[in-house]
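> pasting a predicted model and its sequence here:
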Amino acid sequence: MQAACIVPREKYGSRLVFGLAASSICVFIYLSMVVYFDYIQYCGKAIYVDDDVKTITAADYSVELNISKE
């Protein structure tokens, strides 16, 4: 009877390949998500600046002063 933590020699190579493939897929998914979120953040900033430029009013250049009677 074999112990539960010992891997047979014939399965050792396939487990290494499976581990390598699984970790490579995880790294690829992680990097893809980082690039996607960075792209979405960049697009959001560009849209914000574009909308801000389109909505310039006179209030952006005026100053309000409170003058007391004294």
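Perfect, I can see it now. Numbering: from 1, shown residues only.
> tell me which residues of stretch 30-41 come out buried.
For stretch 30-41, burial by neighbour count (16 or more other C-beta atoms under 10 Å) applies to no residue. C-beta: built from backbone N, CA, C; applies to glycine.
> next one: it to chain centre, how far?
Offset of stretch 30-41 from its chain centre (C-alpha atoms, centre = their mean, to the nearest Å): 4 Å.
> quick one: low-confidence ranges for the chain?
Along the chain, the parts satisfying pLDDT under 70 run over 1-4.
> of all residues in it, which one is nearest the centre?
Centroid check for the chain by C-alpha atoms, centre = their mean gives residue 37 as the closest residue, at 3.3 Å.
> export stretch 46-58 to PDB, keeping only CA atoms.
C-alpha atoms of stretch 46-58 as PDB (Å, rounded to 0.1, in the frame of the first residue of the first chain):
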ATOM      1  CA  ALA A  46     -10.000  60.600 -22.300                       C
ATOM      2  CA  ILE A  47     -13.800  60.700 -22.300                       C
ATOM      3  CA  TYR A  48     -13.800  62.800 -19.100                       C
ATOM      4  CA  VAL A  49     -11.300  65.400 -20.600                       C
ATOM      5  CA  ASP A  50     -13.300  65.500 -23.900                       C
ATOM      6  CA  ASP A  51     -16.600  66.100 -22.000                       C
ATOM      7  CA  ASP A  52     -14.900  68.700 -19.800                       C
ATOM      8  CA  VAL A  53     -13.600  70.600 -22.900                       C
ATOM      9  CA  LYS A  54     -17.000  70.500 -24.600                       C
ATOM     10  CA  THR A  55     -18.800  72.000 -21.500                       C
ATOM     11  CA  ILE A  56     -16.700  75.100 -20.900                       C
ATOM     12  CA  THR A  57     -18.900  78.000 -19.700                       C
ATOM     13  CA  ALA A  58     -18.400  81.600 -18.600                       C
END
